[in-house]
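Q: sequence and predicted structure are below.
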Amino acid sequence: MAGFVVSITSGLRREVPVCCEATSGSSERLTVASVEGASGLSSGVNGVRVKLGVCTGVSCTQDGSKALLEMFNALEEDTPEELSVEACGCFGKCGEGPNVIDLGSRTIHKRLRTPDEALALLGGISISPDLAEAFLIKHKGNHEMSESRTQDAIQSYTEALRLLGDRRGQVFDQVRLAILSNRSAARLEQEDTDGAETDAGDAIDMFPAYAPAWKRLGDVHTKRKEVESAIRAYETASKLDPKSSKDMEKRISKARRLNKRFGLF
């Protein structure tokens, strides 16, 4: 059941439902102050140094909160004993987002629109600013793809990869794989099959079990009417990620139709 945040705005007291909970397995009322940006360090909750809730309401989502949530979630995987993050409902601060609540200090931080502002919430946790910036630029590229601005998306993905550089590690690799896969899709939209194949291949070379890259490779082969190669790539993607099997079946059917249409072997 959702808890409530007691929001104090211009002297008015109101309660707005959120899904964040201050302590594991319990819901309680949180007295929170609202501040611009990030100020102060979290005191932590249940032994975790920093515990955050990211608003994923409509307004905050439009302001970029999902990019922050994605960034924090990946960092949480890398530092599970120091950072805990969850998605939350509206804090009642619409139009002032993205908003993040620090469940240690019980403070809502508003307008966290730059990586530096978001990283300030993490206190002494050692995080690369370039990694945070790469997350946000990747999200920007995804938005550009959704608007069919593929050339802009390619530029964004390329910039995000530049920021990651040659640094390795679980989080860096995770982000790099996703960006390579996304840029492969963007390049294919631009009819750049060589570039799309290179990005998909680089992702596979880095992590052969990364199913999305095999799907991208299958798309490249389909575009080139290389039917058997496309089917093998899609079948590999399906084996690596059974949840994608229905999508892969559709892509395989499309590739097989090329065989019949063009008499390919």
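A: That came through fine.

Q: can you give me the helices for the stretch 1-150 of the chain?
A: 58-62, 65-78, 115-119, 129-146, 150-164 (DSSP state H, counting those that start in this stretch).

Q: out of these, which gets the lowest mean score?
A: If those are sorted by mean pLDDT, helix 115-119 sits at the bottom with a mean of 71.

Q: measure G57 to N73 for me?
A: Distance check for G57 against N73: by CB to CB, to the nearest Å, it reads 18 Å. C-beta: built from backbone N, CA, C; applies to glycine.

Q: higher neighbour count, the two?
A: G57 (21 against 15; other CB atoms under 10 Å).

Q: just give me the residue closest to the centre of this structure.
A: Compute the mean C-alpha point of the chain, and by CA atoms, centre = their mean the closest residue is E70, 3.6 Å away.

Q: so which of the helices of the stretch 1-150 of the chain comes closest to K93?
A: Taking CB to CB, helix 58-62 is the member of the helices of the stretch 1-150 of the chain nearest to K93, at 8.0 Å.

Q: buried sites along that closest one?
A: By 16 or more other CB atoms under 10 Å, the buried positions in helix 58-62 come out as 59-61.

Q: mind listing residues that contact that helix?
A: The contact list for helix 58-62 (CB atoms under 8 Å, 6 or more residues apart in numbering) reads 54, 90, 94-95, 97-99.

Q: circling back to that earlier point, of all the helices of the stretch 1-150 of the chain, which lies closest to D194?
A: helix 150-164 (13.6 Å).

Q: need the longest helix for this structure.
A: helix 170-189 (DSSP state H).

Q: show me what that helix is packed against.
A: Counting by 3 or more CB pairs under 8 Å, 6 or more residues apart in numbering; DSSP states H and E, the packing neighbours recorded for helix 170-189 are helix 65-78, helix 129-146, helix 150-164, helix 193-206, helix 211-223.

Q: quick revisit: could the buried residues of helix 58-62 go into JSON lines alongside distance to I252?
A: Formatted as JSON lines, the buried residues of helix 58-62 follow (distance: CB to CB, whole Å):
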{"residue": "S59", "distance to I252": "41"}
{"residue": "C60", "distance to I252": "39"}
{"residue": "T61", "distance to I252": "34"}
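
Q: between these, which is nearest T114?
A: Closest to T114, out of all of the buried residues of helix 58-62 and judged by CB to CB, is C60, at 15.3 Å.

Q: and the helices and strands packed on helix 170-189 as JSON lines, adding distance to V175?
A: Shown next, in JSON lines, are the helices and strands packed on helix 170-189 (distance: least, CB to CB, whole Å):
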{"stretch": "helix 65-78", "distance to V175": "7"}
{"stretch": "helix 129-146", "distance to V175": "6"}
{"stretch": "helix 150-164", "distance to V175": "6"}
{"stretch": "helix 193-206", "distance to V175": "12"}
{"stretch": "helix 211-223", "distance to V175": "13"}
